[in-house]
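Undergrad: Need a 3D model of the following:
(one chain, ligands or ions: 2)
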Amino acid sequence: QSYHGKAPFITSYIKEFFHPSPSAYFPTGNEQSSSEEAQCEIEPTCTDAKYRSYDGSCNNRINPTWGAAQTTFARLLPPQYADGISAPPVAKSGNELPLARVVSLTLFPDIKYIDPRFTLAVMQYGQIITHDMDLAAGTTQSIPHATRCCTNDGQLLSSDLIIPSSCFAILLPEGDPQTLKSNKKCMNFVRTITNRDRNCVSGTEPAEQISTVSHFVDLSLVYGNTPQVNGQLREFDGGRLLISERNGQVWLPQQSNVSAVCTNVQSSNEPCYLAGDVRVNQNPQLTLLQTILLREHNRLAYALSQLNPHWDDETVFQEARKINIAQHQHITYYEYLPLLLGVTNLFKNGLVHHSDGDYVNDYNENVDPTIINEHATSAFRFFHNLIVGFLNLVTEHREVNGNIRLSDWFNRPAILEERDNFDELTRSLSTQAQRKSTQFVDSEITQFLFRQPKQLYGADLKATDIQRARDHALASYNDLRVFCGLRRARTFEDFLDVISPENVAKLAALYEHPDDVELSAGSAVEALVPETLVGPVNLCILTEQFYRTRIGDRFFYENGAPDTGPGFSLEQLNEIRKASFARWLCDNGNNVELMQVRAFEVVTESNPLGPCENLPSIDLSLWKEKKYFPVWLTK
Ligand code: HEM
Ligand SMILES: [Ca+2]
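TA: Ligands and ions are numbered 1, 2, ... in the order given. I've put the predicted structure just below:
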């Protein structure tokens with residue numbers, strides 16, 4: 001089955017037809033002022049700032065709210081609310097869709113296939129990129145205020161999202177998971193996850209969900225999404241981020257609200273961290289990479305202030321932030337995405353370029369970088385299939401020194417500071433294989449997600465994904481097939497073009513009609529497109545998203561436009577192009593000495609372990625500001 005990526009061609013018309021004009025949510029300010037309306041008048045005033053804003057506003061100078069935190073998602077296809085406004089979709093016949101938990105048990109059982117080529121780093125860096133790009137308001141326990149949810153005429157709809165706590169988790173009763181299919185009481189409970197963030201319901205307009213983080217790939221998870229949060233994370237000395245220091249090592253700063261945030265701690269003295277993203281403590285490897293990104297910032301800040309002693313805190317901070325973001329974008333587009341979406345596909349659709357040491361001036365101010373709901377709520381979540389349930393502890397010579405069970409350590413980062421775990425888990429990221437990309441998902445997240453210490457079972461992430469996609473009323477799998485250039489299935493057999501007979505049979509058993517098959521179900525059982533880790537519909541959505549995220553970002557690191565781009569000299573840009581995930585791990589572990597060049601791939605003869613210092617690194621001396629000193633002074 002050949003697939004022709006559509007990204008550049010579909011972009012412009014989607015923007016016009018399916019993304020609500022920002023003015024609908026951000027009135028101009030001419031309205032009558034009342035205290036409620038005042039909160040709606042938040043059109044940012046853009047100055048010619050040299051650096052990115054924290055919330056992403058003013059990146060696009062014509063539409064300053066594009067990509068900003070606290071704005072609504074975009075859509076590839078209009079939502080399918082049963083009542084046209086906010087009720088979750090139902091089957092064509094008017095019947096309820098199958099229970100999300102049943103869909104999960106049927107399509108995503110735990111059959112373990114280990115990837116022969118890719119390490120856990122691919123999975124874990126994927127979650128970092130996700131936490132940079134989106135967070136649907138209300139999906140975590142820490143509920144932000146949606147103060148920017150306004151009607152067309154500037155009325156504030158809700159300043160707070162009200163989410164019943166029972167909606168958060170899909171808890172399972174204790175017992176054999178296989179018998180749950182017939183457990184009516186449990187199944188009813190599963191449904192309660194609906195009625196979540198129907199936040200932007202205005203009159204007859206369909207609801208649209210809000211994302212609370214900056215949509216750009218800009219390390220908002222490290223630097224925060226508002227100036228206020230950013231202020232809480234900084235030392236305001238030497239351009240550094242705040243740290244805590246224990247046992248001679250640098251850790252993320254300690255959270256004050258320990259038991260509320262780190263729900264699995266055994267004592268309020270345990271480490272529980274604060275970062276730019278509220279999900280930082282969710283699992284050990286995620287927290288580990290957030291720590292590495294923090295250490296990398298401070299490493300850069302230290303080097304820059306040595307080179308430029310005359311720079312003040314703010315200059316060092318912003319320059320270090322800019323380099324950190326540029327490396328992250330480089331690793332995302334040139335090291336990570338090729339493994340997921342295929343090199344040929346990326347070149348063909350303009351996500352990467354043969355730059356020959358030059359800038360790539362492909363910024364397009366007409367492309368809306370807003371995160372697509374189908375991306376955040378379905379396509380990128382497909383990679384929950386890569387998660388492994390047991391994390392190896394790995395020594396310098398890559399021997400396995402024990403392992404930890406994922407569900408023992410959700411929201412309990414203390415494990416990282418014990419023994420030599422930080423380094424052993426860092427090496428595990430680049431040593432242990434991830435799960436092969438299939439429809440099968442580890443039971444640590446389909447039976448034991450967020451399991452409390454004394455509970456036998458936890459929640460089901462795949463059931464949550466299915467149900468969340470209903471809350472967001474994503475268009476059906478069939479509709480997205482057509483959007484992506486496949487033909488509309490009239491019968492279940494028509495799915496056989498990209499789905500195996502076994503899976504088509506499962507879909508036919510679950511759903512009454514081909515149009516009822518949900519995007520999160522259908523796309524997750526497609527056969528993979530060669531050279532990629534996804535099926536054709538997910539490939540189409542992900543390619544479109546990462547295309548927009550690149551060319552809709554005025555500060556994208558390869559952009560060399562004078563005055564409007566990120567402002568790297570060509571020499572500096574070519575240094576940044578030496579960044580690698582391997583070097584990040586090396587430079588920011590406690591004491592990691594050996595690493596292979598391609599850390600996303602397991603060690604082989606052609607990707608051998610070698611000393612860290614042999615890996616390419618960025619020469620920061622290019623950031624020494626020369627013109628500051630008059631020539632006669634430097635002699
Ligand atoms: C151990 C690893 C992981 C755990 C425990 C985890 C858990 C979760 C949870 C609990 C949610 C919120 C579900 C909801 O209430 O709707 C979520 C959302 C999400 N996850 Fe994961 N996840 C992990 C790894 C990943 C990876 C590797 C990716 C992709 C490469 C990913 C992509 C996403 C996306 C796109 C969302 C939606 C975020 C939003 O817009 O709100 N996750 N995940
Ligand atoms: Ca971001």
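Undergrad: where's the residue lying closest to Leu429 once chain neighbours are set aside relative to ligand 1, distance?
TA: Closest residue in space to Leu429, ignoring its immediate chain neighbours: Ala121 at 4.5 Å, by CB to CB, 6 or more residues apart in numbering. C-beta here means a position set from N, CA and C on the backbone, and glycine is covered the same way. Ala121 sits 11 Å away from ligand 1, taking CB to the nearest ligand atom, to the nearest Å as the criterion.
Undergrad: ok, and does stretch 323-337 reach over to ligand 1?
TA: No. Stretch 323-337 stays clear of ligand 1 (CB under 6 Å from any ligand atom), getting no nearer than 9.6 Å.
Undergrad: Can you tell me the number of residues neighbouring the closest residue to Ala136 other than its chain neighbours?
TA: Closest residue to Ala136 apart from its sequence neighbours, by CB to CB, 6+ apart: Gln209 at 5.1 Å. Counted with other CB atoms under 10 Å, residues neighbouring Gln209 total 25.
Undergrad: How about Ile387?
TA: 23.
Undergrad: Isn't it up against Thr446?
TA: No. Taking contacts as CB atoms under 8 Å, Ile387 lies outside contact range of Thr446: 9.9 Å.
Undergrad: The stretch 1-150 of the chain against ligand 1: which residues are in contact?
TA: Residues of the stretch 1-150 of the chain lying near ligand 1 (CB under 6 Å from any ligand atom): Met123, Gly126, Gln127, Thr130, Asp134, Leu135, Ala136, Thr139.
Undergrad: again with the stretch 351-500 of the chain
TA: Ala376, Phe380, Arg381, Phe383, His384, Leu386, Ile387, Ile445, Leu461, Thr464, Arg468.
Undergrad: Let's see that with 5 Å instead.
TA: Ala376, Phe380, Arg381, Phe383, Ile387, Thr464, Arg468 (CB under 5 Å from any ligand atom).
Undergrad: State the distance from the fifth one to Phe410.
TA: Using CB to CB, to the nearest Å, one obtains 12 Å as the distance from Ile387 to Phe410.
Undergrad: beta partners of Phe390?
TA: Counting by DSSP bridges, Phe390 is bridged to Arg405.
Undergrad: what's near enough to touch it?
TA: Phe390 makes contact with Asn403, Ile404, Arg405, Leu406, Glu444 under the criterion CB atoms under 8 Å, 6 or more residues apart in numbering.
Undergrad: quick one: buried residues of the helix or strand harbouring the first one?
TA: Mapping Asn403 onto the secondary structure by DSSP states H and E places it in strand 400-405. Of the residues in strand 400-405, those scored as buried under the neighbour-count criterion (16 or more other CB atoms under 10 Å) are Asn403, Ile404.
Undergrad: just stretch 61-73 next, same as before
TA: For stretch 61-73, using 16+ other CB under 10 Å, the buried residues are Asn63, Pro64, Thr65, Trp66, Gly67, Ala68, Ala69, Gln70, Thr71, Thr72, Phe73.
Undergrad: if we take these, which one ends up nearest to ligand 1?
TA: Phe73 (8.2 Å; CB to the nearest ligand atom).
Undergrad: Quick check: closest non-adjacent residue to the closest one.
TA: Asn373 (4.0 Å).
Undergrad: One more: Ala489?
TA: Nearest to Ala489 is Pro514, by CB to CB, 6+ apart, at 4.3 Å.
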